[in-house]
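Peer 1: predicted model, plus sequence, below.
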Amino acid sequence: MTINELREKRAAQWEAAKEFLNSHRNEKGTLSVEDDAAYTKMEAEIADLGKEIARLERQEAMDAELAKPVNKPITAKPMTAGIVKEDEKMGRASDEYRSNFWNAMRSKAPMPGVINALQEGTDSEGGYLVPDEFEHTLVEALEEENIFRKLAHIVKTESGERKIPVVAAKGSANWIDEEGPYVESDDEFGQVSIGAYKLGTTIKVSEELINDSVFDLEGYISKEFARRIGNREEDSFFNGDGSGKPLGILAAKGGAELGVTAASATAITADELIDLFYSLNAPYRKNAVWVLNDATIKAIRKLKDNNGNYLWQESLTAGAPGTILGRPVFTSSYMPTIAAGKKVIAFGDFNYYWIADRQGRSFKRLNELYAATGQVGFIANQRVDGKLILPEAIKVLAMKSGSAS
């Protein structure tokens, strides 16, 4: 029996099993002992068909691998053989690496040729570095999930730590008497170090889905990776304490500077928003944005200026954010809700928050850990850090501590 015939048989038996289940439930919605045994037998037969399909698929893959020529024919002119074309992709960017990577992710015991082709992408923990194009897909997905990545400055690092020179104090000019000496006034430089903390997740997929060639394993993993990693990243970029994770902008030390403290613990006024706007130095205001959560936005949208006009202005362009005092507004569920002592609004140039991505996200397949439940696990991890390089570039509004005034 061919693979397609087995698939059709499995599909037909599954429909029959569902029909049996629906037609044999009693008035309580359950099955009798005999019917339960019959249905369990039907499920087992369907599972056996799945295993046979998987065996035939592996057999086909083995036949195809063994049918390959042991060497490659010369297709180029002798004087050009061995020369890499300018547009030819190499290493983890090549189509061969991409194909072998996903073959390894789908197969419990990849062929030796697949393993050999992935040697250049093997990481220190036994996983495989994702193909370059897939890594770009992951980064784009992370940006969709993570509002911070749309606003911050992202750098790529090859090593574990990157030192960024920062001007700690600026030199100045001085009036000089005729034939008087020049006063020395140099810039003073400091350094901010960005590391590479490890962030990871385990994704589980059923064996039936992996063995189904129609299932988009690449798309599923990309989406799940983005959702889980993106959410955890964004939380840390706001609230991280710098211990084993990025240092967030709301950190008491090394985070954004306090711009305004509200007079109330439970409410914000229009004047306080204006004060926060002008607490930020003018050079940072031209690229500044507001970041707050939905509950805070709901309260702010009701505020009016002295002329009765709402401070919040809807964008006239589809898809563009609304504005407060002419600057765009972005929302994040990881900004605190209005409460005593909480920093609930951030306003500033988020380009001064640096996110360091160490290139080379890694995936590893776990064959045995979830075998008892008919699943295969995938460990996905990346190394990332984040830090506000210039605290004065972002100001926050904090609610009054204690009870409402």
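Peer 2: Looks like it arrived, so ask away. The structure presented is a predicted model; accordingly, all values stated were derived computationally and were not measured.
Peer 1: for the stretch 151-300 of the chain, which segments count as strands?
Peer 2: Assigned by DSSP state E, counting those that start in this stretch, the strands in the stretch 151-300 of the chain fall at 153-157, 162-169, 188-194, 197-206, 257-261, 289-292.
Peer 1: got the contact list for the longest one?
Peer 2: When contacts are defined by CB atoms under 8 Å, 6 or more residues apart in numbering, strand 197-206 is touched by residues 217, 220-221, 224-225, 228-229, 232-233, 244-246, 366, 370, 374-385. No exception for glycine: its C-beta is placed from N, CA and C like everyone else's.
Peer 1: now with 7 Å, please.
Peer 2: If you take CB atoms under 7 Å, 6 or more residues apart in numbering as the criterion, strand 197-206 is touched by 221, 224-225, 228-229, 232-233, 244-246, 370, 374-385.
Peer 1: got the buried residues for the lengthiest helix in the chain?
Peer 2: In the chain, assigned by DSSP state H, the helix with the most residues is helix 33-66. By neighbour count on 16 or more other CB atoms under 10 Å, the buried set for helix 33-66 is 35, 39, 42, 46, 49-50, 53-54, 57, 61.
Peer 1: same question for stretch 149-162.
Peer 2: 149, 151-152, 154, 157, 162.
Peer 1: I'd like the residues you listed as JSON lines, with pLDDT appended.
Peer 2: Formatted as JSON lines, the buried residues of stretch 149-162 follow (pLDDT from 0 to 100):
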{"residue": "149", "pLDDT": "87"}
{"residue": "151", "pLDDT": "93"}
{"residue": "152", "pLDDT": "93"}
{"residue": "154", "pLDDT": "88"}
{"residue": "157", "pLDDT": "76"}
{"residue": "162", "pLDDT": "63"}
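Peer 1: in the protein, which helix or strand is least confident?
Peer 2: Every helix and strand of the chain was ranked by mean pLDDT, DSSP states H and E. The lowest is helix 112-117, at a mean of 43.
Peer 1: what values do phi and psi take at the residue lying closest to residue 240 once chain neighbours are set aside?
Peer 2: Leaving out its chain neighbours, the residue that sits closest to residue 240 by CB to CB, 6 or more residues apart in numbering is residue 248, at 4.1 Å. Backbone geometry at residue 248, expressed as degrees, to the nearest 10, gives phi -80, psi 160.
Peer 1: residue 248: neighbouring residues, count only.
Peer 2: A count of nearby residues for residue 248, using other CB atoms under 10 Å, gives 24.
Peer 1: surely it meets residue 255?
Peer 2: Yes. Counting by CB atoms under 7 Å, residue 248 touches residue 255, with 6.3 Å between them.
Peer 1: what's in contact with the helix or strand hosting residue 5?
Peer 2: In the assignment (DSSP states H and E), residue 5 maps to helix 3-23. Helix 3-23 has contacts (CB under 7 Å, 6+ apart) with 39, 42-43, 45-46, 49-50, 52-53, 56-57.
Peer 1: at 6 Å what do you get?
Peer 2: Helix 3-23 is contacted by residues 39, 42, 46, 49, 52-53, 56 when judged by CB atoms under 6 Å, 6 or more residues apart in numbering.
Peer 1: quick one: these as TSV, columns for pLDDT and distance to residue 10 too.
Peer 2: Below are the contacts of helix 3-23 laid out as TSV (pLDDT from 0 to 100; distance: CB to CB, whole Å):
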residue	pLDDT	distance to residue 10
39	83	16
42	88	11
46	85	6
49	84	4
52	85	9
53	82	7
56	82	12
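Peer 1: now for the residues you listed, which pair is the farthest apart?
Peer 2: Based on CB to CB, the longest span within the contacts of helix 3-23 runs between 39 and 56 and measures 26.4 Å.
Peer 1: work out the gap between stretch 42-57 and the centre of the chain.
Peer 2: 36 Å (CA atoms, centre = their mean, to the nearest Å).
Peer 1: not counting its neighbours along the chain, what's nearest residue 375?
Peer 2: Using CB to CB, 6+ apart, the closest residue to residue 375 is residue 204 (4.7 Å).
Peer 1: which ones are touching residue 328?
Peer 2: 289, 321.
Peer 1: what about it, distance to residue 321?
Peer 2: The gap separating residue 328 from residue 321 is 4 Å, by CB to CB, to the nearest Å.
Peer 1: how about residue 389?
Peer 2: Residue 389 is 24 Å from residue 321, by CB to CB.
Peer 1: next: residue 302.
Peer 2: Remark: distance between residue 302 and residue 321 (CB to CB) = 18 Å.
Peer 1: give me the more crowded residue out of these two.
Peer 2: Just comparing residue 302 and residue 321: by other CB under 10 Å the higher neighbour count belongs to residue 321, 15 against 10.
Peer 1: in terms of contact, does the more buried one touch residue 329 like I think?
Peer 2: Yes. When contacts are counted by CB atoms under 6 Å, residue 321 is listed as touching residue 329 (5.3 Å).
Peer 1: in CSV, list the C-alpha atoms belonging to stretch 261-270.
Peer 2: Taking C-alpha atoms only, stretch 261-270 is exported to CSV below (Å, rounded to 0.1, in the frame of the first residue of the first chain):
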residue,chain,number,x,y,z
THR,A,261,5.5,63.4,40.3
ALA,A,262,1.8,63.6,40.1
ALA,A,263,-0.1,65.5,42.9
SER,A,264,-2.5,62.5,43.2
ALA,A,265,-1.9,58.8,43.6
THR,A,266,-4.9,57.9,41.4
ALA,A,267,-5.2,60.7,38.8
ILE,A,268,-3.2,62.6,36.2
THR,A,269,-3.9,66.2,35.1
ALA,A,270,-3.4,67.9,31.8
